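give me a 3D structure for the following:
(chains A and B, ligands or ions: 4)
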Amino acid sequence: MLDSLSTSLKDALKKLAGKTVVDRAAVDELVKDLQRALLSADVNVKLVMELSKAIRTRSLDEPPPKGMGVREHVLRIVYQELVRLIWTATDVKLEPQTILMAGLQGSGKTTTTAKLARYFQKKGLKVGVICADTFRPGAYDQLVTLCQKINVPCFGNPEANDPLALTRQGLSAFKDLELLIIDTQGRHALEANLIQEIIELNKLTKATHRWLVIDAALGQQASEQARRFHEAIGIDGVIITKMDGTAKGGGALSAVAETKSGIVFIGSGETIEDLDRFDPDGFISRLLGMGDLRALVERAEEAITADAVDVTSMMKGKFTLRDMYQQLEALNKMGPLKQIMSMLPLGNMELPSDVYDVTSTKMVRYRIIMDSMTSIELDDPSLINSSRMQRIAHGAGATLDEVRELLKYYKLMQRTLKGLRGQGGKFNMQRLMKRFSGMQ
Amino acid sequence: MFEGLRERLQTARARIGSSIQAVAAPQKEHGEAPGLPAQPLHSSATFADKVKTFVIDRELIITDSELAGALSDLEIMLLESDVALTVTDAIVGHVKRDLVGSHRRIGQSVDALVVGTLRRALLDVLGKGFDLSEYIRSHERPVKILFTGVNGTGKTTTVAKVGAFLKKQGFTVVIGAGDTYRAGAIEQIDVHAERIGIKIIQHQQGADPSAVLFDAVQYAISHKIDVVLADTAGRLHTKANLMNQLEKIRRVMKPDLIVYVDEAVAGNDAIVRAAEFDKTVGADVVVLTKADMDSRGGAAISIAHTIGKPLMFLGTGQAYDDIMPFSPHAVVEELLGDG
Ligand SMILES: Nc1nc2c(ncn2[C@@H]2O[C@H](COP(=O)(O)OP(=O)(O)OP(=O)(O)O)[C@@H](O)[C@H]2O)c(=O)[nH]1
Ligand SMILES: Nc1nc2c(ncn2[C@@H]2O[C@H](COP(=O)(O)OP(=O)(O)OP(=O)(O)O)[C@@H](O)[C@H]2O)c(=O)[nH]1
Ligand SMILES: [Mg+2]
Ligand SMILES: [Mg+2]
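Numbers count the residues shown, from 1 in each chain, chains lettered A, B, ... in the order given. Ligands and ions are numbered 1, 2, ... in the order given. Here you go, the predicted model:
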């Protein structure tokens, strides 16, 4: 489902490609697909409506900068609007402070507490952790086990039942430490007594930061929950956990919008080291299901400068099977072919979707088949007649159909490249890449 | 707990109703039909008043365009209630198919027509419920139940709740502490088991979970216990090694029933991961926890629909009796009823 969504977003973008005048209908269609992409990533419905309105208005009102196609223009606005939403500066200071963890049941507070302890410990701060969760069975065991692994002192008592009293003791026990993290029990907006409890914990600890831990998979509830936590203690940072799954974190984005704070960290695994600083580019790309735009561009540039793909020679008109072989190899190094190809700044070209519809297993098959061709055949594929085809198939342990398919694919590539050449005479990969990467 | 969804569906019901009414109104030459509903149509225009215009013995053509606005409202309402996109599409599609048609003969109130359509659409996506006690009674003992799901959804708590539930029904239960991975997991389930007075089989942290659960099954066999509840570590469906481990657990303990546990507040990813779990280890029934966090409950509807598995329980809090057997008919009545 998600795949088809991002495909439709890409299709909508393609319709804008090549246009020099902003096309209302095309923009509308794009905005609609964008809405679906954001909704399926769990971004709050109202927020999606606001966003899409802004994107639509700006796309239609602002003239595209000189030299920028309509597609890039709209994409840039989409990107800017999303960045604006999530990019509240949330610098993590390396100085003495107290951090209060808050969040729904099971969101990952305890695990993240240990990850943060590790993070600050590595930065040279004297860290201590207090377990203010006296409710959940095994809560103290969990935290103390994690803390022991990293040699961070952990204050708590599995027999206690008053989190405030326990925290007070913890604060005085750890008064010589520089950075304290207080893990709390899970709670939600409708649990008035627990919300009251965290208000008191916040008062007691005079916390420097109150970070809301949100599961990447949280749905439309995110806004409402975040609002209540924010009213109660003033959330000043959001941590998204479980980003190592397939969830897009749109709920967390809604929480950020609700609390007007920023995303501080990302949890991407169960071990203590699985904590990353937030990267807005990656997050947005994932949200839209469009691959990591920037990273992709960088990887593509790298591969090109590594000279693996001789674009110039291909552009000069000769594109042989040998070139294709090299190209497949180079692309293989860069990651999933489909993703790369679909992100490549092929300018106004509309790539037939089957060009990049080659799975990596198929690529391997293609290479095996090509390995059983002679150099003459590789240099001049037009020589390959049916008897040669049989020999090749036999040598590669492939079927005739597979060989035919490879040749068909080759012809498709050849035609595509011819098409590219046709457009403006030269295909300046580097320049296009730059244009693409300068989109923020 | 479905207040939100309920409220929105009521609005949708009125909205669709009034667009149908708008179609019908221009031809209202026969006036109101006899036999008005219990509530008379007096001035203060309540919801019922507005909708319950009777169109009796008349051919009514409802077209796509007349419903478009109302259907797109319904779509937004469902999405806002956490009903996943595909499921929203399914419900809206169902309602549309049902209502948009040429020459629909209507001998009932518009409201009843709309409610009937929504009811069918919802029952269609909600699927069947699942009666655990009945299942246990009709199967050979011990009935082995394996709990799976992603991290932190409430598997362990659910094992404890289900244990308490079954014990209350007179079954004997043993719990297998199959999460040997997460810090504090064994201590957690140990405390639960002790509190509810259920025997627990456990190994050291780091032990092979299949071995623990195998032992739990052996214990049940030799002690003639009715039910084995097997807890497992949370794992994301994207971790091949952990999914393989779960597959091994399944091969070793041969569960009769695999219960997939997710949260009612999960968004669209619920569908993706449920499908992934179903594919790799199977899922016979579903439990949705944390329904108390959300007054809307759209995820419940989504998951039930997408994995096409019956919903067995809803988790509604952190106490042992915060567990509710799930009945689709009861839920639909709650959602659409006038109450
Ligand atoms: N894969 C993955 N799992 C995570 C991540 N963060 C936490 N978890 C897991 O999520 C589950 C819940 O984490 P906890 O830290 O216990 O959550 P909590 O918020 O403290 O839970 P309560 O105290 O009960 O409210 C555990 O299985 C963790 O191992 C993450 O970034 N990735
Ligand atoms: N509000 C609410 N909280 C729940 C419910 N079910 C479980 N919880 C809480 O959610 C948190 C996580 O529950 P666990 O049972 O530890 O979840 P789990 O799936 O076993 O977690 P892992 O084993 O770490 O993957 C705990 O704080 C539970 O008390 C529920 O129905 N409602
Ligand atoms: Mg915790
Ligand atoms: Mg557990």
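
now for the closest residue to ligand 4 within chain B: which residues touch it?
Among residues of chain B, the one nearest ligand 4 by Cβ to the ion turns out to be residue B:156. It sits 3.3 Å away. The way it works is simple: take the backbone N, C-alpha and C, and place the C-beta from them, glycine included. Contacts of residue B:156 were listed using Cβ atoms under 8 Å, 6 or more residues apart in numbering or on different chains, and they are B:179, B:185, B:188-189, B:192, B:231.

how about 10 Å then?
By Cβ atoms under 10 Å, 6 or more residues apart in numbering or on different chains, the residues touching residue B:156 are A:106, A:136-138, B:147, B:175, B:177-179, B:182, B:185, B:188-189, B:192, B:231-234, B:261.

what's the answer for residue B:269, then?
Contacts for residue B:269 were tallied using Cβ under 10 Å, 6+ apart; they are A:2, A:40-42, A:215-219, A:242, A:245-251, B:84, B:150, B:237, B:262.

can you check residue A:251 too?
For residue A:251, the residues meeting the contact criterion (Cβ under 10 Å, 6+ apart) are A:41-44, A:214-223, A:225-226, A:240, B:82, B:265-269.

check the gap between it and ligand 3 for me.
With distances defined as Cβ to the ion, to the nearest Å, the gap from residue A:251 to ligand 3 amounts to 19 Å.

before we move on, what about residue B:239?
Applying Cβ to the ion, the value for residue B:239 to ligand 3 is 21 Å.

related to what we said a few turns ago, in helices, which of the contacts of residue A:251 appear?
Cross-referencing the contacts of residue A:251 against helices under DSSP state H gives A:221-223, A:225-226, B:269.

show me which pair in those residues is furthest apart.
Using Cβ to Cβ, the pair of the ones in helices among the contacts of residue A:251 lying farthest apart is A:226 and B:269, separated by 18.1 Å.

tell me which parts of the stretch 51-200 of chain B are close to ligand 4?
B:155-156, B:179 (Cβ under 5 Å from the ion).

out of these, the closest to residue B:196 would be?
Taking Cβ to Cβ as the measure, residue B:156 is the one of these closest to residue B:196, at 12.4 Å.

just the buried residues of whatever helix or strand that closest one lives in, please?
Taking DSSP states H and E as the criterion, the element that holds residue B:156 is helix B:155-168. Judged by neighbour count using 16 or more other Cβ atoms under 10 Å in any protein chain shown, the buried positions of helix B:155-168 are B:155-167.

contact residues of the stretch 101-250 of chain B facing ligand 2?
If contact is defined as Cβ under 6 Å from any ligand atom, the residues of the stretch 101-250 of chain B in contact with ligand 2 are B:149, B:151-157, B:179, B:182, B:185, B:233-234.

wait, what's in contact with residue A:178?
Under the criterion of Cβ under 10 Å, 6+ apart, the contact list for residue A:178 reads A:94-98, A:120, A:124-128.

how near is it to residue A:265?
As for residue A:178, its distance to residue A:265 is 19 Å (criterion: Cβ to Cβ, to the nearest Å).

and the furthest pair within the contacts of residue A:178?
The most widely separated members of these, counting by Cβ to Cβ, are A:98 and A:124 (17.7 Å).

re the thing from before, which one of the ones in helices among the contacts of residue A:251 sits closest to ligand 3?
Using Cβ to the ion, the shortest approach to ligand 3 within the ones in helices among the contacts of residue A:251 belongs to residue A:225, at 16.3 Å.

list the contacts of the closest residue to that closest one other than its chain neighbours.
If the residues on either side of it in the chain are set aside, residue A:225 comes closest to residue A:189, at 5.0 Å by Cβ to Cβ, 6 or more residues apart in numbering or on different chains. Residue A:189 sits next to A:104, A:195, A:221, A:224-229, A:231-232, B:293-295 when contact means Cβ under 10 Å, 6+ apart.

please name the residues that touch the residue in the stretch 201-350 of chain A that ligand 4 sits nearest to.
In the stretch 201-350 of chain A, the residue found nearest to ligand 4 is residue A:270; the distance is 12.0 Å by Cβ to the ion. Contacts here follow Cβ under 10 Å, 6+ apart; on that basis residue A:270 touches A:108, A:111, A:115, A:241-242, A:244, B:151, B:181-183, B:233-236, B:239, B:242.

among those residues, which are in helices?
Secondary structure defined by DSSP H assigns A:111, A:115, B:242 of the contacts of residue A:270 to helices.
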